[in-house]
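Asker: Quick one, structure for this:
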Amino acid sequence: MTLPHADATVAHPEGTRAKAPAGGAPASFGRKGTLEVRLAHTAGEIDAAQALRYRVFYEEMSAKPDEEARRTKRDVDRFDSFCDHLLVFDHALANGAEGDELPTEAVVGCYRLLRQEVAERHGGFYTASEYDIAPLLEGRGKGLRFLELGRSCVLAPYRNKPTVELLWHGIARYLEIHNLDVMFGCASFEGTDPEALALPLSYLYHHHLTPPEWYVRALPERFAEMNLIPKEKINPREAWRALPPMIKGYLRAGCYIGDGAVVDEQFGTTDVLILFPVTQIAERYRTKFGSTSAG
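Answerer: As a prediction, this is how the structure comes out:
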């Protein structure tokens, strides 16, 4: 089964050409109050996700825009043109536009989704610029279908349970529709000094490292050691408090963490790889987010 996916190209604010699903708005993946989650279906809605990403990554956080990003106030890269874009939007901000293209200000959360067969047609996964994922794809993952999660962000006033639950629910529905087996992607700590993140990085290394059959390691030229504090010297509660909320959510759901952190100077972050074999997602998360109705 596949979601409606476009072949038609449409205008893009940076001059590249973004693709969006054709045939009208895709069905809603779920709704909570005034919030709803579904895929972007027009170039304008992809643009709204890029505008949200710019606000969060460049204006709120410490990413460094190039001249084009500063001019357009959009976070854009080549992957946007062929990924699916999962959106949470607030009907209260849509100004009566329900059923039509969403106004930019109505989009309050997003994820970028890249299926393996799409990545293979367009030069590979974004994660491959930070981690050596080829052995994973060609070894343990041979015959499995992968989904890359990326560019996730939520507008500050919406960083709460309903928004996060809708994003997870949208991903769960997408996995089900496309019959996908493994999710992976990069999650970030703010800051570019791994030594300053020694406690949480060491905790992840000692308690959540990928098992041998799922082992993934940062590229040699980008590898930053995570094993900075011996396991016996780590206070797990203190380390847990030092983790970003999104990484905590991934861990609660049962993800693994790759070996080695990667410093991303442009985005002002230190990244770790997260990996979920879908069949191993914690049952309470599968029950909570995997139903056909988000409630």
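Asker: So which other helices or strands are in contact with the host helix or strand of R31?
Answerer: Following DSSP states H and E, one finds R31 within strand 30-32. For strand 30-32, the packing partners by 3 or more CB pairs under 8 Å, 6 or more residues apart in numbering; DSSP states H and E come out as strand 35-39, helix 161-178. Placement of C-beta: from N, CA and C, glycine included.
Asker: Pull out the buried positions in that strand.
Answerer: 30-32 (16 or more other CB atoms under 10 Å).
Asker: mind putting these in CSV, distance to G185 and pLDDT included?
Answerer: As requested, the buried residues of strand 30-32 are exported to CSV (distance: CB to CB, whole Å; pLDDT from 0 to 100):
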residue, distance to G185, pLDDT
G30, 21, 92
R31, 25, 92
K32, 24, 93
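Asker: Show me which of those is closest to T127.
Answerer: G30 (26.7 Å; CB to CB).
Asker: Bridge partners for that closest one, pull those for me.
Answerer: V37 (DSSP bridges).
Asker: Is it in contact with R173, as I believe?
Answerer: Yes - G30 is within contact range of R173, at 7.3 Å (criterion: CB atoms under 8 Å).
Asker: Between helix 161-178 and the host helix or strand of L273, find me the angle.
Answerer: For L273, the element it lies in under DSSP H and E is strand 269-277. On the basis of axes from the mean of the first three to the mean of the last three CA atoms, to 10 degrees, strand 269-277 is oriented at 50 degrees to helix 161-178.
Asker: Single out the most deeply packed of the helices and strands packed on strand 30-32.
Answerer: Burial among the helices and strands packed on strand 30-32, expressed as mean neighbours by mean count of other CB atoms under 10 Å, is greatest for strand 35-39, which shows a mean of 23.
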